[in-house]
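Chemist: Here's a sequence, model it:
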Amino acid sequence: MTDTTNVNALPDRENEIQVNEFHYVNKNKIKVLSPNDFTEIFLGLGCFWGAERLFWKLPYVNVTSVGYGGGFTKNPTYQDLCSGQSGHAELVRVVYKNNFSTFQELLKVFWENHNPTQGMRQGNDVGTQYRSCIYVNNNDLYKIACDSQITYQRNLEHNNIKEVITTEISLNKTFYYAEDYHQQYLEKNPLGYCGIQGTGVKFLD
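Modeler: Next up, the predicted model:
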């Protein structure tokens, strides 16, 4: 059973994971919020390898990266996540052009490319790290994200899917970069694993 409390959480690590300065695909700087009219969101929709590829292809996205968040252990490693004792989810950090329409488009990609009703799993991938989540650093975006969950729940019900969405939507969660070999993994390893699969239900037509 996966531990989702901090009682048995792994101890913090002193050093953060170092990643390449530049995105492997588009060569933009990974850690820079640039240009100034861009902002960031952190999305968990299962294994982050396939999830990241969904977002780096979008024309309004400046850069993507993968990492860990929503847990207890500071500077966790991938092995820490797999133990189930760090509490973190696998996340994609998306730096995108900050306006309402692009945020709605990001939410559309998010909702339509995984099953947000599965709790601590995504398909055959089981554990805390695979849970569905949206983390933002802005109150207005938080409200829009919460409203989008209501919309998608209604759409699921209209398509005879009765399960309740379990997506965690939260403000101001700390993001830790994952190991460099995870970054843009499917570009580096075109035949690598990708478990991304949606419900078939649209968010916005």
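
Chemist: ranges for the strands of this protein?
Modeler: 38-45, 61-69, 89-97, 121-122, 125-126, 132-136, 168-171, 175-177 (DSSP state E).

Chemist: Within its sheet, name the partner strands of the last one and how each one runs.
Modeler: For strand 175-177, the paired strands and their directions (DSSP bridges) are strand 61-69 (antiparallel).

Chemist: do the third one as well
Modeler: When pairs are called by DSSP bridges, strand 89-97 turns out to pair with strand 38-45 (antiparallel), strand 61-69 (antiparallel).

Chemist: Below-threshold pLDDT in this protein: ranges please.
Modeler: 1-7, 34-35 (pLDDT under 70).

Chemist: can you pull out the helices in it?
Modeler: Along the chain, counting by DSSP state H, helices occupy 48-56, 78-83, 100-112, 139-158, 185-188.

Chemist: other SSEs contacting the longest one?
Modeler: For helix 139-158, the helices and strands in contact under the criterion 3 or more CB pairs under 8 Å, 6 or more residues apart in numbering; DSSP states H and E are helix 100-112, strand 132-136, strand 168-171. All C-beta atoms are positioned from the backbone trio N, CA, C, and that covers glycine.

Chemist: 10 Å instead, please
Modeler: strand 38-45, helix 100-112, strand 132-136, strand 168-171 (3 or more CB pairs under 10 Å, 6 or more residues apart in numbering; DSSP states H and E).

Chemist: Over to the shortest one?
Modeler: On a contact count with 3+ CB pairs under 10 Å, 6+ apart, helix 185-188 meets helix 48-56.
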